[in-house]
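Novice: A predicted structure for the sequence below; I have some questions about it.
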Amino acid sequence: MSAATRQTVGGAADAQSPNVIDAKTFEPITVDWPEVAESAADGIVETYGQPNEAIPGRLVRYANGSRKRTVVYRREIPHEFPQPHSDVVERLVDRRVPPPAPAA
């Protein structure tokens, strides 16, 4: 693993990496990804800039727009809602949820 490659483990995923990975580092990682994942990675980079983290299974970009982070996965993740389909992009946002009202 090169010094430029980053991986998050446990709670570290919430910490923003101050670094961005240059194209020479992450492009070789995505070159053999399935077309849908490579296209999604290209779109995220084109829209928000270079990723902050890059490992063979995923790219991560922090603080892009209103999102806390965007992750592009190499492999499609199956979902059943609202109907069966697969995704390669995961976007996370911070939302404040008020505590429940006290019982009367």
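Specialist: Looks like it arrived, so ask away.
Novice: where are the low-confidence patches of this structure?
Specialist: 1-18 (pLDDT under 70).
Novice: strands of that one, start to end?
Specialist: With strands called from DSSP state E, the chain shows them at 53-55, 58-64, 67-79, 85-92.
Novice: sheet partners, orientation included, of the longest one?
Specialist: Using DSSP bridges, the strands paired with strand 67-79 in its sheet are strand 58-64 (antiparallel), strand 85-92 (antiparallel).
Novice: the first one now?
Specialist: When pairs are called by DSSP bridges, strand 53-55 turns out to pair with strand 58-64 (antiparallel).
Novice: list the buried ones in the partner strand?
Specialist: 58, 59, 60, 61, 62, 64 (16 or more other Cβ atoms under 10 Å). Quick note: C-beta positions are derived from backbone N, CA and C, even for glycine.
Novice: what about the helices in this structure?
Specialist: Secondary structure of the chain (DSSP state H): helices located at 23-30, 35-48.
Novice: now mean neighbour count and distance to residue 97 too, for those helices, in CSV please.
Specialist: Output for these, formatted as CSV (neighbours: other Cβ atoms under 10 Å; distance: least, Cβ to Cβ, whole Å):
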stretch, mean neighbour count, distance to residue 97
helix 23-30, 15, 34
helix 35-48, 15, 26
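Novice: quick one: closest of the ones you listed to residue 87.
Specialist: With Cβ to Cβ, the closest approach to residue 87 among those belongs to helix 35-48: 9.0 Å.
Novice: one step back: in JSON lines, list the strands of the chain along with distance to residue 46.
Specialist: JSON lines is the format used below for the strands of the chain (distance: least, Cβ to Cβ, whole Å):
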{"stretch": "strand 53-55", "distance to residue 46": "16"}
{"stretch": "strand 58-64", "distance to residue 46": "11"}
{"stretch": "strand 67-79", "distance to residue 46": "12"}
{"stretch": "strand 85-92", "distance to residue 46": "13"}
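Novice: return the distance of stretch 82-101 from the chain's centre.
Specialist: 14 Å (Cα atoms, centre = their mean, to the nearest Å).
Novice: centre-most residue in the protein?
Specialist: Central residue of the chain (Cα atoms, centre = their mean): residue 71, 1.0 Å from the mean position.
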